[in-house]
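**Student:** sequence first, then the predicted structure, then my questions.
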Amino acid sequence: MNVNTFNAFRSRNYRLYFTGQSISLLGTWMQKTAVSWIVYSQTQSKFMLGVSVFATLFPSAVFSTIGGVVSDRYNRYRVLLLTQVLSMIQAILLTLVVYFQKYAVWEIISLSVILGIINGFDMPARQSLVYDMVDDKKDLSNAVALNSSMVNLSKLLGPAIAGIAIENLGEVVCFGLNAFSFIAVITSLLLMKLPPYVVQSHTKNILGELKEGFQYINQTPAIRFVLLMLALVSLLVLPFTTLMPVYAKDIFQGTASTFGLIDSAIGLGAFIGALYLASLKTGSDLHTILARNTFILGAGLILFAYTSWYPLALCFIAFAAFGMMSQVTISNTILQTQVTPSMRGRVISLYLMVYSSALPIGGLLIGTISHYIGVQATVLGEGILALLLGGLHIRSLQKAKLKPDVTPTVDAPSAEIALHS
């Protein structure tokens with residue numbers, strides 16, 4: 001870390017946002033851990049694990065394109081406030097379902113679909129609004145970096161707390177705490193003092209503006225390249241996380257705490273990776289860093305796949321997560337810093353659509369493949385594919401010598417989030 005790592009905290013609105021989201025995301029990761037554990041415990045099905053991920057992420061991908069247009073057409077602040085209130089209501093309903101139902105898999109999946117739809121509008125508005133929260137726009141990429149650190153710190157702590165809570169208090173506690181955590185983020189939004197919203201006239205309808213977003217991406221090689229690589233890695237590699245409950249329960253013969261620690265190790269590696277990205281020097285070549293960290297992701301998964309000693313496996317999966325962080329984070333940073341402000345919501349929504357659709361489809365694919373060849377062989381294969389994708393990055397850099405607008409540099413430390421929510 002260096003003195004520039006926390007520059008975005010100079011903005012009051014961003015400090016409020018960071019505080020509220022930190023608390024809310026802790027509850028979010030507790031809920032995600034509890035959902036995965038309940039689904040696998042009650043069904044013993046790797047395929048259903050994929051379905052549970054698909055249920056949230058795919059609706060989010062479908063509706064994020066519309067959400068991006070809504071974010072560009074209307075007041076992003078009010079859109080975000082509304083989606084947070086709706087998310088809290090969804091969390092309350094999920095708490096009640098788990099409390100009153102002994103077997104609640106399909107109810108959980110149905111409510112996950114509702115959350116996915118809400119997220120489709122929430123994520124474009126939330127990520128686009130960060131621009132307005134930062135007083136000095138030179139701190140924008142640092143704010144994106146701190147978002148990433150925030151998400152991954154919550155991913156580090158949330159699953160570990162959830163594992164302990166599930167064993168000692170039951171799964172319903174995780175859902176209840178998540179519902180309660182939304183009070184923090186809603187309060188932080190209400191305390192913000194953002195610039196007055198300026199109503200803009202729109203000559204095109206929603207579909208016309210959505211088409212305009214696709215045309216903008218098609219005419220911007222840097223963005224097109226990043227989205228393509230993100231789609232491939234999200235489809236073929238990142239769904240390794242779907243199989244972690246199987247590792248905890250079947251490979252390591254563990255409990256919910258075992259699963260929570262694996263998820264926390266992933267969070268630790270990603271958190272360290274986010275801090276590394278936040279501390280990058282001015283002028284860092286993001287494409288080269290992305291290629292290098294794709295190799296790190298692949299090597300970590302290969303080492304983790306057949307490691308039977310639990311402590312060493314945690315180290316390897318954390319190592320992989322360090323490389324994983326760059327996939328979503330650098331992609332987000334390039335978009336946030338390069339895109340035209342009037343197109344920000346639409347481009348981010350298309351980025352979210354790529355990520356959120358490829359990941360759940362990949363989850364179903366990986367879950368199905370693991371059913372036939374085993375989870376360890378599947379993770380090994382994902383690691384090898386990551387190495388191949390890293391090779392594509394290098395080949396593209398060497399062959400095309402990426403034009404200046406394709407190889408962005410940053411004026412401040414850079415990184416993200418994601419995603420996701």
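**Tutor:** The structure has been received and is ready for your questions. Residues are numbered from 1 along each chain as shown.
**Student:** so who does residue 79 touch?
**Tutor:** 70, 71, 121, 122, 125 (CB atoms under 8 Å, 6 or more residues apart in numbering). For the C-beta atoms, the positions are set from N, CA and C on the backbone; glycine is no exception.
**Student:** which pair in the residues you listed spans the largest distance?
**Tutor:** For those, the farthest-apart pair by CB to CB is 70 and 122; their separation is 10.6 Å.
**Student:** can you map out the strands along the stretch 101-250 of the chain?
**Tutor:** Counting by DSSP state E, counting those that start in this stretch, one finds no strands in the stretch 101-250 of the chain.
**Student:** before we move on, the earlier item: ok, so of the contacts of residue 79, who is nearest residue 296?
**Tutor:** Using CB to CB, these come closest to residue 296 at residue 122, 30.5 Å.
**Student:** what's the closest non-adjacent residue to that closest one?
**Tutor:** Excluding the flanking residues, the one nearest residue 122 by CB to CB, 6 or more residues apart in numbering is residue 83, at 3.7 Å.
**Student:** in which helix or strand does that neighbour reside?
**Tutor:** helix 76-100 (DSSP states H and E).
**Student:** off-centre distance for that helix?
**Tutor:** Centroid separation for helix 76-100 versus its chain: 19 Å, with CA atoms, centre = their mean, to the nearest Å.
**Student:** and stretch 335-349, by the same measure?
**Tutor:** Taking CA atoms, centre = their mean, the mean C-alpha location of stretch 335-349 is offset from the chain mean by 18 Å.
**Student:** which other residues reach that stretch?
**Tutor:** For stretch 335-349, the surrounding residues in contact (CB under 8 Å, 6+ apart) are 64-72, 76, 123-125, 127-128, 130-131, 140-141, 144, 209-210, 212-213, 216-217, 220, 222-223, 226, 332, 351, 405, 408, 410-411, 414, 416.
**Student:** which of those count as buried?
**Tutor:** 64-72, 76, 123-125, 127-128, 130, 140-141, 144, 209-210, 213, 216-217, 220, 222-223, 226, 332, 351, 408, 410, 414, 416 (16 or more other CB atoms under 10 Å).
**Student:** how near is the residue nearest to residue 122 to residue 77?
**Tutor:** Distance, residue 83 to residue 77, using CB to CB, to the nearest Å: 11 Å.
**Student:** out of these two, which sits in the more crowded spot?
**Tutor:** Under the criterion of other CB atoms under 10 Å, the comparison of residue 83 against residue 77 puts residue 83 first, with 22 against 17.
**Student:** who are the contact partners of that one?
**Tutor:** So residue 83 contacts 118, 119, 121, 122, 125, 126 (CB under 8 Å, 6+ apart).
**Student:** against residue 60, how distant is the fourth one?
**Tutor:** In this case it means residue 122. In this view, residue 122 and residue 60 are 9 Å apart by CB to CB.
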